[in-house]
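J.: need a 3D model of the sequence below.
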Amino acid sequence: MIRSDRRFTFDRPPEQVWEAIARTSSYPRWWPWLRHLEAKGLVAGDVWSCHIQPPLPYFLRFTITLEEVVDGVSARATVAGDISGTASFTLAPSGDGGTEGRLVSDLAPASPVLRAFAVVARPLVVWGHDWVLAEGVKQFQDRGLAGG
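T.: Below you'll find the model as predicted:
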């Protein structure tokens, strides 16, 4: 299991950050490692089909089921496929007119091959997970919040 609890700051108000996050059709342009995404939107009940290619010798396919979405504030989801678990994110105003984002996830490899790989190469798997999160936030700031 890889548990993440990350906080990110954005120099835009929460409404603008949420508006960008809700543009799911733009995700593949922001994130080149996201090789496939089928998503209707950031709405409760939607099931996203995702394929990602981290900078590691494997490819991940999974779904994200949006269990709860509070427009402009938060989303909670379950993940199933090559990885499984839960994830949530929240947005809150920061004192400087920007936004604080928080992402919490508990994810684990679900396929036998990935579980075995995670046992023998755990530091590499954790690095890949951390890379996707860090690079994803950077690319969101550079491309998503820039209107891309």
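J.: switch to C-alpha atoms for all contacts and neighbour counts from now on
T.: OK.
J.: now the nearest residue to residue 114 once chain neighbours are set aside: how far from residue 67?
T.: Nearest residue to residue 114, sequence neighbours excluded (CA to CA, 6 or more residues apart in numbering): residue 82, at 7.4 Å. Distance of residue 82 to residue 67, computed by CA to CA, to the nearest Å: 19 Å.
J.: just residue 41 next, same as before
T.: As defined by CA to CA, residue 41 lies at a distance of 13 Å from residue 67.
J.: tell me the buried residues in the lowest-mean-pLDDT helix or strand in the chain?
T.: Lowest on mean pLDDT, DSSP states H and E among the helices and strands of the chain sits helix 112-120, with a mean of 83. Buried positions in helix 112-120, judged by neighbour count with 16 or more other CA atoms under 10 Å: 114, 115, 118.
J.: packing partners for the helix or strand that it is followed by?
T.: Per DSSP states H and E, the first helix or strand lying C-terminal to helix 112-120 is helix 122-139. Contacting helix 122-139 under the criterion 3 or more CA pairs under 8 Å, 6 or more residues apart in numbering; DSSP states H and E is no other helix or strand.
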